[in-house]
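Participant: When you get a sec, could you give me coordinates for this:
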Amino acid sequence: MKSIYKILLLSLFILVTVSCSKDFLEQPVEDAIVSDNFYNTDDQLLSASAALYGRPWFYYNDKFRWAMGDSYSGNSVGSFEDLVQFVNFAMNPNNTYMIEGWESYWVVVTVSNSVLKAIDESLGDEVTEQAKNTAKGEALFMRAVAYFHLVRLWGPLPILDKITIDNNDPLQKNTVESIHRFIREDLEMAALLLPLEQATRGRVGKTAAWSYLAKLHLTLENYGDARTYSELVINSGLHALETEYHQQFVDPTYENINNESIFALQWFVNCSLWGTQNTNQAYFAASGTITKSGDGWGTCQPSVDLQRAYETSDKRRYWTLMEPGSSYEELDTANGGYVVPASGLTSTIAGFRKYIAGSPDEFANVCFMRTELPTHMMRYAEVLLIQAEAILNDGDFTTDPNALSAINTVRRRAGLPVKTVITLDDILQERRIELALESKYWFDLQRIDRTKAIGIISNQERGVNIGDNPNQVSSNKITPSESDFLFPIPSGDASFISKDEPVDFYAN
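Facilitator: You can find the predicted model right below:
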């Protein structure tokens, strides 16, 4: 596979350039790796696994994350050519956003495999068992998360559990079932190896592995196991919802590794270095007045359907969308705050507030296409909603007090009335709003009953507003086909993957 051969070299580059300037990622280059990829101390080994929290995920996070998770699912729209393919279910195997996401996942897999190889073959006598277990657990966890994305987006693919490929023959695809087993075993081993809570906040512990095991089992409709793992997280006592929904998404100086965060990608800003920062603000901010850094293009905007999905009193709306007439005193502070224009708009009537930090006037570490806002991959709010759905257990409804407590904990923070009975539709609605712009909604639509999913998508309004009246819409309704529920393998790699029927990875 062309990308994999290229990425094998890139993974080594990432490991030898993990130097950063933020939190646990801060490691001097000369101490990160020594001759022959040999790690002599705990710090050297842990600096290698620290690299897995940022740069390998960069091109996933840059555009693919929100194009796949939110534009493909109907939460957001945009007019850029590659983005339109996501909005309209017209995916081309040469789509640059998709190719970047595809390659980024394989970078994560190969860097993880590089760390695992080093642990098996290249450790000095001074490396402690605790450091070895931690680094191995982190690498297994990251590889599992990458494969969990890959299998849901592309279906049968090769399982690469080593950093070398023996020849240039096409790689054999493995069955979806064996990939799921591979993911499960990686996560189970990670849960055994990782500490319950790491000394350095931001590094994943057992609760991250349990959370993804809960999500995996929910996807596979193993509701009992999904409930078990979600309740391990809940009963750990380590996590809770933040009092305010918004701070973790808009303030890079906020303690981003907070009680609600279970796994987040970590970014740092160097205005002359590319690939270590969060670029999302550049695409989400609807005006350069907000960023003052030469970006703020409004590339990605809320769909009409997402705007209509909010309940009237939902406090999350203000901190997710930026709607005409709304004011934000914490933005454009040099001019007394930012007011969203209430007239003269020619596209959607709203922009996004979530994942926007502002300008250098508000935060020093902001520059062109660069903020330090973390990318939230798993939050405690999602674990609560997993628990509620697992208790529902594919039933028509539930009044189970634990399920109601879970969903109502999320709703209370949003300022919404509690529910006394919940259905799958209630849970999907809550997930859509709570996790908007977090690359979740497409995976939800993909995993539920296919006829139901197509019905939901077919009724979405993916058009844009053409005036100040929210009812003035240039309509765009799409009915996807079965083939749209998996992406095409990028054209540059298709010939490097065998066309034969997938095989069970564990058969031999």
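
Participant: can you give me phi and psi for the residue nearest in space to the middle of the chain?
Facilitator: For the chain, the residue nearest the mean C-alpha position is residue 377 (4.3 Å; CA atoms, centre = their mean). Note on residue 377: its backbone torsions stand at phi -100, psi -30 [degrees, to the nearest 10].

Participant: Is the closest residue to it other than its chain neighbours in a helix, a strand, or coil?
Facilitator: Counting by CB to CB, 6 or more residues apart in numbering, the nearest residue to residue 377 once its immediate chain neighbours are dropped is residue 263, at 4.6 Å. C-beta: built from backbone N, CA, C; applies to glycine. The three-state label given to residue 263 by DSSP: H, G, I helix; E, B strand; the rest coil is strand.

Participant: Would you mind measuring from residue 263 to residue 495?
Facilitator: Counting by CB to CB, to the nearest Å, the gap between residue 263 and residue 495 amounts to 35 Å.

Participant: Contacts only, for the closest residue in space to residue 285 that isn't next to it in sequence.
Facilitator: Take residue 285 and drop its neighbours on the chain: the residue closest to it by CB to CB, 6+ apart is residue 296, 3.7 Å away. Contacts were defined as CB atoms under 8 Å, 6 or more residues apart in numbering; by that measure residue 296 touches 281, 282, 285, 286, 287, 288, 289, 290.

Participant: Run a quick neighbour tally on residue 129.
Facilitator: Neighbourhood size, residue 129 [other CB atoms under 10 Å]: 7.

Participant: which residues of the stretch 251-400 of the chain score low on pLDDT?
Facilitator: Filtered on pLDDT under 70, the stretch 251-400 of the chain yields the residue ranges 255-258, 343-349.

Participant: Can you show me the strands along it?
Facilitator: Applying DSSP state E, counting those that start in this stretch to the stretch 251-400 of the chain gives strands spanning 261-265, 301-302, 321-322, 327-328, 338-339, 351-352, 375-379.

Participant: now the first one against strand 375-379, angle please.
Facilitator: Angle, strand 261-265 to strand 375-379, by axes from the mean of the first three to the mean of the last three CA atoms, to 10 degrees: 150 degrees.

Participant: For strand 261-265, name the packing helices and strands.
Facilitator: helix 206-219, strand 375-379, helix 380-392 (3 or more CB pairs under 8 Å, 6 or more residues apart in numbering; DSSP states H and E).

Participant: repeat that for 6 Å
Facilitator: Identification of packing neighbours for strand 261-265 by 3 or more CB pairs under 6 Å, 6 or more residues apart in numbering; DSSP states H and E yields helix 206-219, strand 375-379.

Participant: Now do that strand and helix 206-219, the angle between them.
Facilitator: In terms of direction (the same axes, to 10 degrees), strand 261-265 departs from helix 206-219 by 90 degrees.

Participant: if I pick residue 311, what's in contact with it?
Facilitator: Applying CB atoms under 6 Å, 6 or more residues apart in numbering, we find residue 311 in contact with residue 416.

Participant: Give the helix, strand or coil label for the spatially closest residue to residue 488 that is not a sequence neighbour.
Facilitator: Nearest-residue entry for residue 488: residue 93, 4.2 Å, with adjacent residues in sequence omitted and distances by CB to CB, 6+ apart. In terms of secondary structure, residue 93 is coil; the call rests on three-state DSSP.

Participant: Compute the distance between residue 93 and residue 199, please.
Facilitator: Relative to residue 199, and taking CB to CB, residue 93 is found at 45 Å.

Participant: sorry, back to before: are any of the contacts of residue 296 buried, and which?
Facilitator: Neighbour-count burial (16 or more other CB atoms under 10 Å) is assigned, among the contacts of residue 296, to 281, 282, 285, 286, 287, 290.

Participant: okay but the fourth one is in contact with residue 351, surely?
Facilitator: Yes - counting by CB atoms under 6 Å, a contact exists between residue 286 and residue 351, whose distance comes to 3.1 Å.

Participant: Quick check: neighbours shared by these two?
Facilitator: Common neighbours of residue 286 and residue 351, using CB under 6 Å, 6+ apart, are residue 298.

Participant: after the least confident helix or strand in the chain by mean pLDDT comes which helix or strand?
Facilitator: Using mean pLDDT, DSSP states H and E, helix 29-32 stands out as the lowest-scoring helix or strand of the chain, at a mean of 36. Proceeding N to C from helix 29-32, the next assigned helix or strand is helix 42-50, under DSSP states H and E.

Participant: what packs against that following helix?
Facilitator: Contacts defined by 3+ CB pairs under 6 Å, 6+ apart place helix 42-50 against helix 129-154.

Participant: pull the CA atoms of stretch 58-74 into PDB?
Facilitator: These are the backbone C-alpha positions of stretch 58-74, laid out as PDB (Å, rounded to 0.1, in the frame of the first residue of the first chain):
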ATOM      1  CA  PHE A  58      -2.800  16.200  12.600                       C
ATOM      2  CA  TYR A  59      -4.300  15.600   9.200                       C
ATOM      3  CA  TYR A  60      -7.200  13.700  10.600                       C
ATOM      4  CA  ASN A  61      -8.000  16.700  12.800                       C
ATOM      5  CA  ASP A  62      -7.200  19.400  10.200                       C
ATOM      6  CA  LYS A  63     -10.200  18.900   7.900                       C
ATOM      7  CA  PHE A  64     -11.200  15.200   7.700                       C
ATOM      8  CA  ARG A  65     -12.500  15.000  11.300                       C
ATOM      9  CA  TRP A  66     -15.300  17.500  10.900                       C
ATOM     10  CA  ALA A  67     -15.900  16.800   7.200                       C
ATOM     11  CA  MET A  68     -16.500  13.100   7.900                       C
ATOM     12  CA  GLY A  69     -18.200  13.400  11.300                       C
ATOM     13  CA  ASP A  70     -20.300  16.400  10.800                       C
ATOM     14  CA  SER A  71     -20.600  17.400   7.100                       C
ATOM     15  CA  TYR A  72     -21.200  13.800   6.000                       C
ATOM     16  CA  SER A  73     -23.800  13.400   8.700                       C
ATOM     17  CA  GLY A  74     -25.700  16.600   7.900                       C
END
